[in-house]
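Trainee: Quick one, structure for this:
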Amino acid sequence: MLLANQNADYRRPLEPTDAEVLGVDAAKTVEHFLHHREGHKPTPLVTLPGLAKQFGVASISLKDEGLRLGLGSFKALGGSYAVIRLVLDEASRRLGRDIDVAELQSDDVKAIASRMTVACATDGNHGRSVAMGAQLVGARCSIFVHSGVSEERISAIARYGAEIIRVNGNYDDSIHEAARVAEEKNWITVSDTSWPGYERIPGLVMQGYTALLTEALHQMPEPPTHVFVQAGVGGIAATVAGHFSLLFGDNRPYFFVVDPSRAACLYESARAGHPVKVDHVQDTVMAMLECYEPSLVAWRILSRVADAFMTVEDEDAIDAMKLLANPNGSDPAVVAGESGGVGLAALAKIASDRNMREQTGLDAKSRVFLINTEGATDPKLYRELVGETPEHVLAKNGQRAA
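Mentor: Alright, predicted model coming up:
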């Protein structure tokens with residue numbers, strides 16, 4: 001289903017605070033931090049000319065975040081960045097001077113970090129990033145996981161030394177429990193979603209994501225004309241849409257926000273004209289996107305700069321995983337998790353419908369940008385859905401799994 005943005009705020013400038021979080025200067029700050037991250041390197045931008053021909057567009061560029069910092073997800077850029085920023089802020093306050101990331105491993109900063117505890121709720125990827133950041137700086141970490149998080153994803157978080165706290169219910173239930181316990185114990189909540197009175201830290205998480213856009217624009221010969229980004233609470237979608245709107249103004253790409261049909265909180269918010277919490281009726285295979293209430297910061301941005309909201313079905317997401325694993329012609333094979341290829345699933349729906357192509361201006365001259373937001377973060381499930389192991393898929397390109 002496709003819904004054009006008809007909200008009253010559509011095409012209005014971003015709020016100054018949001019523009020500051022997602023602007024060029026902020027993106028440069030993130031780049032500076034990443035230069036001090038061991039193992040950091042830009043992820044590849046994969047071109048898919050075979051798929052572009054199939055879908056009747058000029059080009060398809062896919063940013064492969066399945067290879068990001070050993071975590072297999074774009075979220076490696078967000079939670080860990082926020083944790084580092086929070087530790088440096090606290091060190092600056094306690095030591096009475098500005099502390100740069102170059103001093104992160106100094107004895108003074110590590111002593112301060114060791115007395116801090118960070119916490120968050122997660123479907124898997126964000127929790128791994130927060131736990132990685134905590135381990136990097138020497139802070140304590142508690143991660144709240146709901147009953148739908150697989151044991152494989154929980155083990156991946158625990159490997160970073162985080163305490164795992166299990167919560168009955170869904171992702172939204174774990175968010176509320178994490179916030180309650182953190183307030184009670186004076187921990188720092190590092191959430192990737194926001195609510196009234198809690199915006200700065202989710203803003204830092206989103207700011208971390210700008211790194212993949214800086215890289216992508218350097219890797220592309222021309223900026224995209226159409227962008228499809230999947231959304232859970234909306235953080236990555238709002239980052240992409242907001243950053244591109246600040247860079248390109250009225251010449252920004254046509255932007256699609258893509259929800260699972262079974263957890264379409266942003267689609268329903270767009271239809272209502274205000275943030276909406278949707279009911280949990282049935283689980284979706286797109287586990288990293290199974291969120292029932294949008295981030296308020298993300299909604300505020302997307303209501304102004306997203307052009308369209310749409311939904312895809314579980315079978316669409318699985319088909320996209322298979323299509324990327326077994327591409328046409330000389331296109332490289334890509335390992336995309338069950339939430340990773342959702343942008344491609346949305347493109348496939350638009351490209352196959354003449355009316356929707358005309359409505360959104362998708363044509364033979366269009367340059368499409370997609371993000372593979374995660375690789376096989378649950379390899380067992382990946383094999384069940386795709387019929388091949390991640391290693392077998394990457395072997396088609398002579399690669400090894402991250």
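
Trainee: Spatially central residue for the chain, please.
Mentor: Residue closest to the mean C-alpha point of the chain, counted by CA atoms, centre = their mean, is Ile236 at 4.1 Å.

Trainee: what number of residues lie near the closest residue to that residue other than its chain neighbours?
Mentor: Distances taken as CB to CB, 6 or more residues apart in numbering place Tyr209 nearest to Ile236, at 5.6 Å, with adjacent residues excluded. To be clear about C-beta, it is placed using only N, CA and C from the backbone, and glycine gets the same treatment. Number of residues near Tyr209 (other CB atoms under 10 Å) recorded here: 28.

Trainee: OK, contacts around Tyr209?
Mentor: Tyr209 makes contact with 74, 77-78, 235-236, 239-240, according to CB atoms under 8 Å, 6 or more residues apart in numbering.

Trainee: In helices only, show me those.
Mentor: The members of those that map onto helices under DSSP state H are 235-236, 239-240.

Trainee: Among those residues, which one is most surrounded by other residues?
Mentor: Val240 (31 neighbours).

Trainee: Leaving out sequence neighbours, find the closest residue to it.
Mentor: Nearest non-adjacent residue to Val240, counting by CB to CB, 6+ apart: Val229, 5.1 Å away.

Trainee: Was I right to think that neighbour contacts Tyr254?
Mentor: No - contact criterion CB atoms under 8 Å: Val229 and Tyr254 do not qualify, at 11.9 Å.

Trainee: picking up where we left off before, give me the distance between the residue nearest to Val240 and Pro196.
Mentor: 25 Å (CB to CB, to the nearest Å).

Trainee: Which of these two has more residues huddled nearby?
Mentor: Comparing Val229 with Pro196 by other CB under 10 Å, the one with more neighbours is Val229, at 24 against 6.

Trainee: mind pulling up the phi and psi values for that one?
Mentor: Main-chain torsions, Val229, degrees, to the nearest 10: phi -130, psi 130.

Trainee: Relative to Thr17, how far out is it?
Mentor: Using CB to CB, Val229 is found at 22 Å from Thr17.

Trainee: All the strands of the stretch 201-350 of the chain, in order from the start?
Mentor: Here the stretch 201-350 of the chain has its strands, by DSSP state E, counting those that start in this stretch, at 226-230, 254-260, 308-312.

Trainee: Distance from the chain centre to the second one, please.
Mentor: Put simply, strand 254-260 sits 13 Å off its chain's centre (CA atoms, centre = their mean, to the nearest Å).

Trainee: For stretch 251-263, give the mean pLDDT please.
Mentor: In this model, stretch 251-263 has an average pLDDT of 98.

Trainee: what residue ranges in the stretch 251-400 of the chain score low on pLDDT?
Mentor: Within the stretch 251-400 of the chain, the stretches with pLDDT under 70 are 399-400.

Trainee: The residue of the chain positioned farthest from its centre and Ala113, how far apart?
Mentor: In the chain, counting by CA atoms, centre = their mean, Gly96 sits farthest out from the average C-alpha position, at 34.5 Å. Gly96 sits 17 Å away from Ala113, going by CB to CB.

Trainee: ditto for Arg180
Mentor: For Arg180 relative to Ala113 (CB to CB), the value is 24 Å.

Trainee: who's more crowded, the two?
Mentor: The residue with more neighbours, out of Arg180 and Ala113, is Ala113; 24 against 12, by other CB under 10 Å.

Trainee: Tell me where the stretch 201-350 of the chain has helices.
Mentor: Assigned by DSSP state H, counting those that start in this stretch, the stretch 201-350 of the chain shows helices spanning 235-248, 265-272, 296-305, 314-325, 342-351.

Trainee: ok, and for the shortest one, which residues are buried?
Mentor: By 16 or more other CB atoms under 10 Å, the buried positions in helix 265-272 come out as 265-270.

Trainee: and what of the first one?
Mentor: Judged by neighbour count using 16+ other CB under 10 Å, the buried positions of helix 235-248 are 235-247.

Trainee: Turn those residues into TSV, including pLDDT.
Mentor: Putting those into TSV (pLDDT from 0 to 100) gives the following:
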residue	pLDDT
Gly235	97
Ile236	98
Ala237	98
Ala238	98
Thr239	98
Val240	98
Ala241	98
Gly242	98
His243	98
Phe244	98
Ser245	98
Leu246	98
Leu247	97
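
Trainee: Could you export those residues as JSON lines, including distance to Ala395?
Mentor: Shown next, in JSON lines, are the buried residues of helix 235-248 (distance: CB to CB, whole Å):
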{"residue": "Gly235", "distance to Ala395": "33"}
{"residue": "Ile236", "distance to Ala395": "29"}
{"residue": "Ala237", "distance to Ala395": "32"}
{"residue": "Ala238", "distance to Ala395": "36"}
{"residue": "Thr239", "distance to Ala395": "33"}
{"residue": "Val240", "distance to Ala395": "31"}
{"residue": "Ala241", "distance to Ala395": "36"}
{"residue": "Gly242", "distance to Ala395": "38"}
{"residue": "His243", "distance to Ala395": "35"}
{"residue": "Phe244", "distance to Ala395": "35"}
{"residue": "Ser245", "distance to Ala395": "40"}
{"residue": "Leu246", "distance to Ala395": "41"}
{"residue": "Leu247", "distance to Ala395": "38"}
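
Trainee: Pretty sure Cys120 sits against Trp187.
Mentor: No - with contacts counted by CB under 8 Å, Cys120 stays clear of Trp187, the gap being 9.7 Å.

Trainee: If you count surrounding residues, which of these two has more?
Mentor: Cys120 (32 against 19).
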